[in-house]
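**Student:** no sequence on this one, just coordinates:
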């Protein structure tokens, strides 16, 4: 399996990392998790927002990797951009949780730029 395919798996798990951060620290209501998360503020609210954004970013990334594989794009280039996407998205979650808004925006831009680059490689 290629590195970029492993990156799809990792990227698919990033939202769950964010959800775990949002729910950590006690007080989590597993009987009504969505309502509980909607009432959160601060770090937990930002982690929940990072979760939502990570779910939103995932389909385009996964599609890009699949299109690149189907078109026999240069694997080394696709892998490098996929690794960049995953790194940017992990750091994006960190920046979101710790409220580094400018860094978050820059990391989001790097992530979407890597997805576009994967499509262009195809």
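**Tutor:** Cool, got the structure. All values reported here derive from a predicted model rather than from experimental measurement. Numbering: from 1, shown residues only.
**Student:** Mind listing what's buried along stretch 109-119?
**Tutor:** Using 16 or more other Cβ atoms under 10 Å as the test for burial, stretch 109-119 gives 110, 111, 114, 115, 117, 118, 119. From N, CA and C alone the C-beta is placed, and that goes for glycine too.
**Student:** what sits up against that stretch?
**Tutor:** Contact partners of stretch 109-119, identified using Cβ atoms under 8 Å, 6 or more residues apart in numbering, comprise 4, 57, 60-61, 64-65, 67-68, 73, 77-78, 81-82, 84-85, 88-89, 92.
**Student:** Need the buried ones from these selected in ChimeraX.
**Tutor:** Written as a ChimeraX command, the selection of buried residues from those, which uses 16+ other Cβ under 10 Å, is:
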select :4,57,60,61,64,65,68,73,77,78,81,82,84,85,88,89,92
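**Student:** returning to that earlier point: tell me which of the buried residues of stretch 109-119 fall in helices.
**Tutor:** When DSSP state H is applied, the buried residues of stretch 109-119 are split such that 110, 111, 114, 115, 117, 118, 119 fall in helices.
**Student:** would you list those in CSV and tack on pLDDT?
**Tutor:** Listed next are these as CSV, based on pLDDT from 0 to 100:
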residue, pLDDT
110, 98
111, 98
114, 98
115, 98
117, 98
118, 98
119, 97
